[in-house]
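> Provide a 3D model corresponding to the input given below.
(one chain, ligands or ions: 1)
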Amino acid sequence: MVLTGKRILLIIGGGIAAYKVLILIRRLRDSGATVRCILTKSGAEFVTPLSVSALSEQPVYQELFSLTDEAEMGHIRLSREADLVVVAPATANLMARAAQGLADDLATTCLLASSAPLMLAPAMNGYMWAHPATQANVAQLAERGAQIVGPDAGDLACGEVSLGRLAEPEAILAAIVERLAPTAMPLAGKRILVTAGPTREALDPVRYVSNHSSGKQGFAIAEALATLGAQVALVAGPVNLATPPGVDRVDIESADDMLAACRAALPVDAAICAAAVADWKAEIAPQKMKKSGDGLPVITWQQNPDILATLSQGAQRPGLVVGFAAETQTVIAHAQAKRARKGCDWILANDVSAERGVFGGDANQVHLIDGEGVETWPQLSKTEVAARLAERVAAALSAT
Ligand code: CTP
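Now for the predicted structure:
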């Protein structure tokens, strides 16, 4: 409930992306904010006043010259009683009118009458966004202090693929939290690299070796860090998991690819290596290996690069490097030796013997090992381990 007591005036412009704003309203309410909404005439073509009102649990304001709206809450009060004004989707037309200082409907009048900080989440066709007129309007609004969130690149409703998608509700929410409750975002401005999942090492064009890592712990860590405001680069092996909101994900297969993707993400403030990287790679047969007579195939193995050890050294070493130690016996002693050998700052050691069900399961019991000693955490869900770790990372990075 990081936004408890915060009042947001949300102006919903007319664009197909308006439906995503319903999710934003829900998230804002879940975070404790009071949300008052102005639904523009064209916005009401895409979402209904009833949905907006039901989700915000407030009346919806639509008309400048509405006797009921004015009697309930005059437009001046509406614009004054807000800690932040958010326009989403901010259409080209709405931004053009705001940049010009027009006051020809309730939305633009409130924008003109408001002294609250302004956040714009643009959404439109890619050509409209790139047009010099739109860019000039956005630049002018930004110069006057408006914060611009997005737009994102991707599929647009018009069938084109370009820059112009409304930022995801989670990203807009994160920007709002960062603005209104910065202490809830202790990792704002920090870049963190997370590796997750297994790697897959090819044997020939159709076969590979891999392991049982589900990627759940690494993905939960990426999500927990992003929730605290970090800019997260998630380098993921082949897993069947959705990308956590607000996280930049790069999918890779082999350990060599994972190392290259990690290097490309540097510099970062912290790196957390949760991936179960294959220790060996095979000399890949150029053609599919065939069963030939009585002989078994001969596979020549080579050592894979150690990503954690590589990240722990060199000029671009992150300020904090965290590894995991998956052990099946003498967990703490092995993990302490691993920490020293790999040169990382912290190791989260866990027992992955089969009876523990860590691989693919939802629970984890870890020991945090640093230069000072060992801290044993209780049995927690992977999400709770992630949240705890993210808090610890935030504390460590703010102390440096
Ligand atoms: N790791 C890595 N690159 C590798 C192997 C491991 O980055 N090639 C990282 C893992 O992401 C994890 C840590 O190193 O954070 C330890 O992984 P683990 O599998 O427990 O250790 P190993 O290096 O495989 O050591 P051992 O074989 O002794 O268990």
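> can we go C-alpha only for contacts and neighbour counts from here?
Fine.
> per-domain residue ranges of this protein.
The chain breaks down by automatic domain parsing into domains covering 7-180, 191-398.
> how about these, which one is nearest the ligand?
Counting by C-alpha to the nearest ligand atom, the ligand lies closest to domain 191-398 out of the domains of the chain; the figure is 3.5 Å.
> Endpoint to endpoint, that closest one covers what distance?
The straight-line separation of the ends of domain 191-398 (C-alpha to C-alpha, to the nearest Å) is 13 Å.
> and residue 375, how many neighbours?
Here the number of neighbours of residue 375 (other C-alpha atoms under 10 Å) works out to 12.
> Identify the residue nearest it in space, chain neighbours excluded?
Across the structure, with C-alpha to C-alpha, 6 or more residues apart in numbering as the measure, the residue nearest residue 375 apart from its sequence neighbours is residue 368 (5.0 Å).
> Helix or strand for the one you found, just tell me which one.
Assessed by DSSP states H and E, residue 368 sits inside strand 366-369.
> Sheet partners, orientation included, of whichever helix or strand comes after that strand?
Next in sequence after strand 366-369, counting helices and strands by DSSP H and E, comes strand 374-376. Each strand that strand 374-376 pairs with, and the sense of that pairing, follows from DSSP bridges: strand 366-369 (antiparallel).
> next one: stretch 258-265 to chain centre, how far?
Relative to the chain's own centre, stretch 258-265 is displaced by 19 Å; criterion: C-alpha atoms, centre = their mean, to the nearest Å.
> which residues sit against it?
Counting contacts by C-alpha atoms under 8 Å, 6 or more residues apart in numbering, the residues outside stretch 258-265 that touch it are 193, 195, 199, 233, 235-237, 250, 252, 305, 307.
> Mind doing that once more with 10 Å?
Under the criterion C-alpha atoms under 10 Å, 6 or more residues apart in numbering, residues 191-196, 199, 232-237, 250-252, 254-257, 268, 271, 273, 275, 277, 304-308, 310-311, 316 lie in contact with stretch 258-265.
> shaky segments in the stretch 201-350 of the chain?
Judged by pLDDT under 70, the stretch 201-350 of the chain has its weakly predicted residues at 293-294.
> Would you state the helices of it in chain order?
Counting by DSSP state H, counting those that start in this stretch, the stretch 201-350 of the chain has these helices, from start to end: 216-227, 255-265, 307-311, 331-342.
> Now restrict the contacts of stretch 258-265 to buried residues only.
Under a neighbour-count criterion of 16 or more other C-alpha atoms under 10 Å, the subset of the contacts of stretch 258-265 counted as buried comprises 191-196, 199, 232-237, 250, 252, 254-256, 268, 271, 273, 275, 277, 304-308, 310-311.
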